[in-house]
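K.L.:
everything below, folded, please.
(3 chains)
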Amino acid sequence: MEGQRPPRSWNWVGILPFLLFSSAFLLGPAIILLVRSLQANEGGWTLGNYRQLIDPQVLEAYGLSVRISIVTAVVGGVFGFLLAWAIIYGGLPRVFRSLLTTFSGVASNFAGVPLAAAFIFTLGRIGMITALFGFFGIDLYDSDFSLYNFWGLTVVYMFFQFPLMVLTITPALEGLKKEWKEASENLGATSWQYWRHVALPVLMPSILGTIILLFGNAFGAHATAYALTGGTLRLATILIGAQISGDVLQNQGLGYAVAMGMVLIMGLSIGLYTILQRRAERWLA
Amino acid sequence: MEGLIAAAQEEGTLTTIALPHDWCNYGGVIEGFKAKYGLEVNELAPDAGSADELEAVRANQGSTGPQAPDVLDIGLAFGPQAKDEGLIQPYMVSTWDSIPDSAKDPEGYWYGDYYGVLAFEVNADVVENVPQTWADLLKPEYNGQIALAGDPRVSAQAISAVFAAGLANGGSLDDAQAGLDFFAQLAEAGNLIPVIAESGTVSSGETPITIRWTYNALANRDANADIADIQVVVPADSGRYAGVYVQAISAYAPHPNAAKLWMEFLYSDEGQNIWLEGYCHPIRYEDLVGRDAVPADQLEKLPDVEGAVFPSLDQIGAASELITTNWDAEVGVNVGG
Amino acid sequence: MAGVTVTAPPVVIETPPAIATPVRAGAGSKVLAWVIMLAGVLYFFAPLVATGERAFRAIGRTFSFEAFRRVITDPEFLRTFGESVINAVATIVVSLLVIVPTAYWVTLKVPKLRSIIEFITLLPFVIPAVVLVFGLIRMYSRPPLAILGSYGSTRIILICAYAALSFPYMYRSVDNGLRAINVRTLTEAAQSLGATWPTIVWRVIFPNLRVALLSGALLTFAIVIGELTVALYLGQHTFGPFMSNLVRNFVAEPAALTILSFAMTWGAMGFISYLTRRQPGKRRMRRRP
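P.N.:
Residues are numbered from 1 along each chain as shown, chains lettered A, B, ... in the order given. As a prediction, this is how the structure comes out:
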């Protein structure tokens, strides 16, 4: 850019409203979380809560949470993207688009007890599809299949991950310029080549951003897992809930420390994603 | 008492927390209280656990808004903790003397409210032979049918179930290991499934067998009679295992007089009888029966709790510690992935 | 900003078609699209059908509307749903007003702060709901910030908290939308026509983000309608607590309630979607000769 620029140091004022609002309703509670993670259950300050984070149970909880978040983010991202593509560019009847969009709105937050219940009704021991299989002589639960394990939970999580991807990637998909498709066709490229070399790279920053959203969404989820497995699947969020709430005297300090660990993991994920994103953006510059 | 009623009515509202309507007929209790004294009752978080209740008191210090709880109903183990932290204030109801000493704090900070014994809650539509003892539960015919009514690392009810199982399998009130071993066997055999049972899942048949306080099981039996035939069986081999919950008034209650009136109501004959209708044994049960203050038809409906064992605070503490720490390692159901 | 040469033609805004794109899909693409669509429909509808089956069949073990009747005749059902809808609309407004200008500013002026902003917007995922609500109660129960004194003022805090919870979704949608339009050019063009910042944001940016705003609004709406923990501890009588109450005890009613709330939320969203397609006052700016 040529010419004089006003001193940049004042530009951050533009995000002041956001910072104030976030401080009032997000950062405030987050700081309280931080403070309490540094307090011992009996009173006084301590780093002891953090020392407990290397306990194998805790590490396993983090690992489980990260794994399910990555799996559902990637699979959810891919299929969600395909769904969004199908309704925008797939040549389907127009009405499908608004139907899927609004349905996605509802489904994106269909979680917790109702969602778990719905899947139990479908794939649980006396569920509809289980019964259907039974009708053909196949006992689902006799085999290794179970709704109540990691993969069962993954299937359930998709119910809100797919729609989240659909809704969030739609503005980006929509924004693909017609001219590019036409230009690539003029140059003799197939549809697949267009997508691979033009559209997807352009969309990559948005896709990455949406996948991190899906990751966070799954990472912080807890009601659904709890409703489905009764706490047996020890995700980090469930571990936190067990320490902070409940009917048995537990270790609240540990709960807060684990939560801070999650904040850290989230921060690291954003760091990773930012690096990937900068690379993707470089292509566009 | 008149002065208290007047002061409470001036305050106008009572804020409660963690009182599901179908637990010990709290629905009836609340309606009764509202009708008798004309106060409003603001109900928070019916599903809150004891730890959440204390947290709500802590967070709301100094607040007079509608989200600050006045009265608490918490697990026995939480009474002393709340007292130590200064979260509750003492109050001795007029019927204080008829509350058994073992169930109250001598200084009046907390006091037992009701108890029940553990029983099997069975959906007889799904389960042909209703199990009668803990030993029965191990039979192969119950494969995939048994679930606990809570997370044993978190729920007092679930922990009690494990503890009680121990009593029937060579354990004692001082050692809950036998209970853990029993459930490990149950899980190994595939009879125990990692789902949390509740009224809905038992009635639907998803978790046809669970272990709950008699008052919860019986309430479900009545409420869902048109969906399933639910039978409640107190296991014959562990004897009756009882659990107590306690009441307390928040030290920061915005409506202290309403809170005290509430306690007076709960511990009056009338209040205690309403709990009885919910199949709970009110803490003054012995006293009430001794004075013939319980209607005969109510008495008949109650499960027999003769000879019930009440673990002490220390015993519960030790058992909870043991069970919550070792559950994953010893019983933990394989979750795959 | 003297000396900056704007080379792009003034104010050509390609309004992303909100309804249909005149892109012809090849036959192969169409088949693929149908297959994907079908797979999606099967996956989404199976649990809903199973829930429906439960709702219609469970009571009295025969097909009946009894469960639905019990839910609908509960006066609390419509009251709490209505209250939640109003909360949702208010939340959407607040969220838009905070996020859109911020995302715009970050894209345009301070891209280096992007990571920090994104981190903050993703915080709602890692702060447990109980921690959030008790944190808010602690902050606003005591003087000088004693706002939680009454049901009404608490409701305002609730709405602001919900707006904060919507940040991850709203920000991402808006950011995706901004990437699809040429923000810099639009801004420079508008500025060269003498527009001030508020005007630019309101009359140039907002209208071009319609699809993104719709996505964000729908996601926010769903969050508010179903939210449970915060409402519970703030003592607010909204739809989430009502639903959870029912689910705890009964078999068929929750299933009926799920179907009903799904249908009603879907309808409400259809309405929002319809509204955004017919925005009064939105003008298409044409190329000036």
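
K.L.:
which secondary structure state is assigned to B:Y91?
P.N.:
For B:Y91, the secondary-structure state derived from DSSP: H, G, I helix; E, B strand; the rest coil is coil.

K.L.:
okay, A:A118 and A:I244: tell me how far apart.
P.N.:
Per C-beta to C-beta, to the nearest Å, A:A118 is found 28 Å from A:I244. Where you see a C-beta, it was placed from the backbone N, CA and C, and this is true even at glycine.

K.L.:
just the element for A:G261, please.
P.N.:
Using DSSP states H and E, A:G261 falls within helix A:252-284.

K.L.:
and what of C:A67?
P.N.:
Element membership for C:A67 (DSSP H and E) is helix C:66-72.

K.L.:
cool, A:N49 as well?
P.N.:
Element membership for A:N49 (DSSP H and E) is helix A:48-51.

K.L.:
and the next helix or strand after that helix, how far from the chain's centre?
P.N.:
Going down the chain from helix A:48-51, the next helix or strand is helix A:56-89, by DSSP H and E. Offset of helix A:56-89 from its chain centre (C-alpha atoms, centre = their mean, to the nearest Å): 6 Å.

K.L.:
quick check, the residue in chain C closest to chain B?
P.N.:
Nearest to chain B, among the residues of chain C, is C:S141, at 3.4 Å (C-beta to the nearest C-beta).

K.L.:
low-confidence stretches in chain A?
P.N.:
Along chain A, the parts satisfying pLDDT under 70 run over A:1-9, A:142-144, A:246-249, A:283-285.

K.L.:
now do chain B
P.N.:
B:332-337.

K.L.:
what are the ranges of the strands in it?
P.N.:
Under the criterion DSSP state E, chain B contains strands at B:13-17, B:40-44, B:71-75, B:88-89, B:111-123, B:146-148, B:209-213, B:230-233, B:242-250, B:281-282.

K.L.:
before we move on, what about chain C?
P.N.:
Under DSSP E, chain C gives no strands.

K.L.:
just checking, what packs against the helix or strand bottoming out on mean pLDDT in it?
P.N.:
The least trusted helix or strand in chain C, going by mean pLDDT, DSSP states H and E, turns out to be helix C:66-72, with a mean of 75. The contact analysis (3 or more C-beta pairs under 8 Å, 6 or more residues apart in numbering or on different chains; DSSP states H and E) places helix C:66-72 against helix C:27-57, helix C:252-277.

K.L.:
report the rounded mean pLDDT for stretch C:115-128.
P.N.:
For stretch C:115-128, the mean per-residue pLDDT is 91.

K.L.:
separation between whatever residue of chain A ends up closest to chain B and B:L148?
P.N.:
Minimum separation of chain A from chain B (C-beta to the nearest C-beta) falls at A:F150, amounting to 2.2 Å. In this view, A:F150 and B:L148 are 21 Å apart by C-beta to C-beta.

K.L.:
looking at those two now, which is surrounded by more residues?
P.N.:
A side-by-side neighbour count of A:F150 and B:L148, using other C-beta atoms under 10 Å in any protein chain shown, places B:L148 first with 25 against 17.

K.L.:
the closest residue to the more buried one other than its chain neighbours and B:A248, how far apart?
P.N.:
If the residues on either side of it in the chain are set aside, B:L148 comes closest to B:A158, at 4.5 Å by C-beta to C-beta, 6 or more residues apart in numbering or on different chains. As judged by C-beta to C-beta, B:A158 and B:A248 stand 23 Å apart.

K.L.:
still on that earlier bit, next, the buried residues of the helix holding C:A67.
P.N.:
By neighbour count on 16 or more other C-beta atoms under 10 Å in any protein chain shown, the buried set for helix C:66-72 is C:E66, C:A67, C:F68, C:R70, C:V71.

K.L.:
cool, stretch A:262-271 as well?
P.N.:
By 16+ other C-beta under 10 Å, the buried positions in stretch A:262-271 come out as A:M262, A:V263, A:I265, A:M266, A:S269, A:I270.

K.L.:
for the closest residue to chain C within the stretch 151-285 of chain A, phi and psi?
P.N.:
Nearest residue of the stretch 151-285 of chain A to chain C: A:G175, at 2.2 Å (C-beta to the nearest C-beta). Per-residue torsions, A:G175: phi -80, psi 0 (degrees, to the nearest 10).

K.L.:
pretty sure it is touching C:I181, no?
P.N.:
Yes - counting by C-beta atoms under 8 Å, C:I181 is a contact partner of A:G175 at 6.5 Å.

K.L.:
ok, and the closest non-adjacent residue to A:A107?
P.N.:
By the measure of C-beta to C-beta, 6+ apart, the closest residue to A:A107 outside its immediate chain neighbours is A:P163, 4.2 Å from it.

K.L.:
the helices in the stretch 151-289 of chain C, which residues?
P.N.:
C:151-180, C:183-192, C:197-199, C:206-208, C:210-226, C:229-233, C:239-249, C:252-277 (DSSP state H, counting those that start in this stretch).

K.L.:
my bad, should have said the stretch 51-200 of chain A
P.N.:
For the stretch 51-200 of chain A, the helices defined by DSSP H, counting those that start in this stretch occupy A:56-89, A:94-108, A:112-123, A:128-135, A:150-174, A:178-186, A:191-194, A:200-219.

K.L.:
may I see the helices and strands packed on helix C:66-72 arranged in a markdown table, with mean pLDDT and distance to B:K34 as well?
P.N.:
A markdown table is the format used below for the helices and strands packed on helix C:66-72 (pLDDT from 0 to 100; distance: least, C-beta to C-beta, whole Å):
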| stretch | mean pLDDT | distance to B:K34 |
| --- | --- | --- |
| helix C:27-57 | 87 | 32 |
| helix C:252-277 | 79 | 24 |
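
K.L.:
with adjacent residues omitted, what lies nearest to B:P295?
P.N.:
Leaving out its chain neighbours, the residue that sits closest to B:P295 by C-beta to C-beta, 6+ apart is B:N273, at 7.4 Å.

K.L.:
what about the one you found, how many residues nearby?
P.N.:
So B:N273, with other C-beta under 10 Å, has 18 neighbours.

K.L.:
which residues are in contact with the nearest residue to A:Y256 once chain neighbours are set aside?
P.N.:
Spatial nearest neighbour of A:Y256, chain neighbours left out: A:S37 (3.7 Å); criterion: C-beta to C-beta, 6+ apart. By C-beta atoms under 8 Å, 6 or more residues apart in numbering or on different chains, the contact set of A:S37 is A:N49, A:Y50, A:G253, A:Y256, A:A257, A:A259, A:M260.

K.L.:
list the contacts for residue 222?
P.N.:
Defaulting to chain A. Contacts of A:H222 by C-beta under 8 Å, 6+ apart are A:L235, A:T237, A:I238, A:I240, A:G241, C:P128.

K.L.:
that was the other one, I meant chain C.
P.N.:
With contact set as C-beta under 8 Å, 6+ apart, C:A222 has these partners: A:G105, A:V106, A:S108, A:N109, A:F110, C:T265, C:M269.
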